[in-house]
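J.: model the following, please.
(one chain, ligands or ions: 2)
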Amino acid sequence: MAVYTTLPPEAFTHVAGAYGLGTVRGMTPIPQGSINTNHRLETDAGRVFVRHTTVRSPDDLRFEAALLEHLARAHFPAPVLLVPAGPTPFLEMHGGRISVFKWLPGEEFTRAQLTPDVLERLGAELGKLHRTTQSFGGTRDNPYGPEVVKGWLEGLRQRPEPELAAVAGELEGLLARAEAEHQGLEPRGVIHADLFLDNVKWLGDRVGAFFDFEMACVDAYTRDVAITLNAWCFDGGYQPALCQAFLRGYQDARPLAEVEKAALFGHALYGAVRFTTSRIRDYHLSTLGADKLAPKDYRTYLSRARALGSMGPDGLRALVGV
Ligand SMILES: Nc1ncnc2c1ncn2[C@@H]1O[C@H](COP(=O)(O)OP(=O)(O)OP(=O)(O)O)[C@@H](O)[C@H]1O
Ligand SMILES: N[C@@H](CCO)C(=O)O
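T.: Numbers count the residues shown, from 1 in each chain. Ligands and ions are numbered 1, 2, ... in the order given. The predicted model follows:
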């Protein structure tokens, strides 16, 4: 969520105290995001990002904290998690858990700013992330794997709105097709799993940081490649120059094995179905106003799923040049 939980001013004073940030000088709710309640906090010690989650468990947050520490040690550009006094890297508060991050400098790109050069840099950084986390020992199953998405779709098929029930039926068919494309043993490791335009800060034309690692988990690397390809390289249709630049950059850092190239289609189709479905649940069916949630349209993701369904595995490989 964006602003799901109303936190009183005292909550922020308490957070500032627990993290040694001094006096709170200002607080602004952030309507972007779909899962958590996010705020920007101005303090004596500077600006920080405060996330309140009712969704993530203590184990999830410990995994995220250990991963961010590993990335920091490896000098991979990612958020710096601040740690409060006490035994946990978060605070239990207001029916959920608070995490505090240093404010990240930089800008998020809009779709109009995307060029092959940008995509090549993004791909190279994602390949670097996958290489960097090979030496990370933490583990977490994908919280939004195909079984979970199937459950969501079963629920949506029961909805009273005929349009949603029909879309759910169509997505169930596409998800089954994605699963039938399973290629056997693929290299696995820690993936970001949600690398959209609003989860990367840029400093000029360089990646400043990947952030929002709360969906990071252990899964096939190609799943991350496919999710990122879907997010960045589709604008009314898949853009061949962007797709090819992204794969070129990725493979400069981490070449794909043949089994991964063959698996790309199944992961891309799964990813398109997964995000169409979560957008219906988190945005389309949300009752929050625009001041509390910046909605994202599920239809743009349905278009990706349909485009993939039409082009098939060979079509995708030809399009992205692998
Ligand atoms: N450390 C940070 N510094 C500066 N801005 C941040 C930071 N973390 C997040 N943001 C800003 O807050 C927005 C929402 O954050 P985030 O993406 O983590 O939310 P979320 O609720 O996890 O949602 P989603 O998973 O849907 O992206 C981001 O798009 C970004 O603009
Ligand atoms: N990045 C997701 C939201 C968080 O899962 C989307 O754009 O639909």
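J.: name the SS class of the spatially most central residue of the chain, please.
T.: By C-alpha atoms, centre = their mean, the mean C-alpha position of the chain lies nearest to residue 194, the distance being 1.7 Å. Three-state assignment for residue 194 (DSSP: H, G, I helix; E, B strand; the rest coil): coil.
J.: residues in contact with it?
T.: Going by C-beta atoms under 8 Å, 6 or more residues apart in numbering, residue 194 touches 212, 214-215, 227. Bear in mind the C-beta positions are built from the backbone N, C-alpha and C, glycine included.
J.: repeat that for residue 60.
T.: By C-beta under 8 Å, 6+ apart, residue 60 lies in contact with 140, 143, 214.
J.: which of those residues come close to ligand 1?
T.: Of the residues in these, proximity to ligand 1 by C-beta under 6 Å from any ligand atom holds for residue 214.
J.: now the residue of the stretch 201-322 of the chain found nearest ligand 1. Nearest residue, chain neighbours left out?
T.: Using C-beta to the nearest ligand atom, the closest approach of the stretch 201-322 of the chain to ligand 1 is made by residue 212 at 3.6 Å. Of all residues beyond its chain neighbours, the one nearest residue 212 is residue 199 (4.4 Å), with distances taken as C-beta to C-beta, 6 or more residues apart in numbering.
J.: sorry, back to before: mind listing which of the contacts of residue 194 are in strands?
T.: In strands, defined here by DSSP state E, there are no members of the contacts of residue 194.
J.: turn the residues you listed into a markdown table, including distance to residue 255.
T.: Formatted as a markdown table, the contacts of residue 194 follow (distance: C-beta to C-beta, whole Å):
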| residue | distance to residue 255 |
| --- | --- |
| 212 | 27 |
| 214 | 29 |
| 215 | 25 |
| 227 | 19 |
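J.: next, format those residues as a markdown table and append pLDDT and neighbour count.
T.: As requested, the contacts of residue 194 are exported to a markdown table (pLDDT from 0 to 100; neighbours: other C-beta atoms under 10 Å):
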| residue | pLDDT | neighbour count |
| --- | --- | --- |
| 212 | 95 | 23 |
| 214 | 92 | 21 |
| 215 | 95 | 20 |
| 227 | 98 | 26 |
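J.: out of these, give me the two with the largest separation.
T.: Using C-beta to C-beta, the contacts of residue 194 reach their maximum pairwise distance at 214 and 227, which is 14.4 Å.
J.: give me phi/psi at whichever residue of the stretch 51-200 of the chain sits closest to ligand 2?
T.: The stretch 51-200 of the chain approaches ligand 2 most closely through residue 196 (4.1 Å), counting by C-beta to the nearest ligand atom. Phi and psi for residue 196, reported as degrees, to the nearest 10, are phi -90, psi 170.
J.: do I have it right that the residue nearest to residue 212 meets residue 211?
T.: Yes. The criterion here is C-beta atoms under 8 Å, and residue 199 meets it with residue 211 at 5.7 Å.
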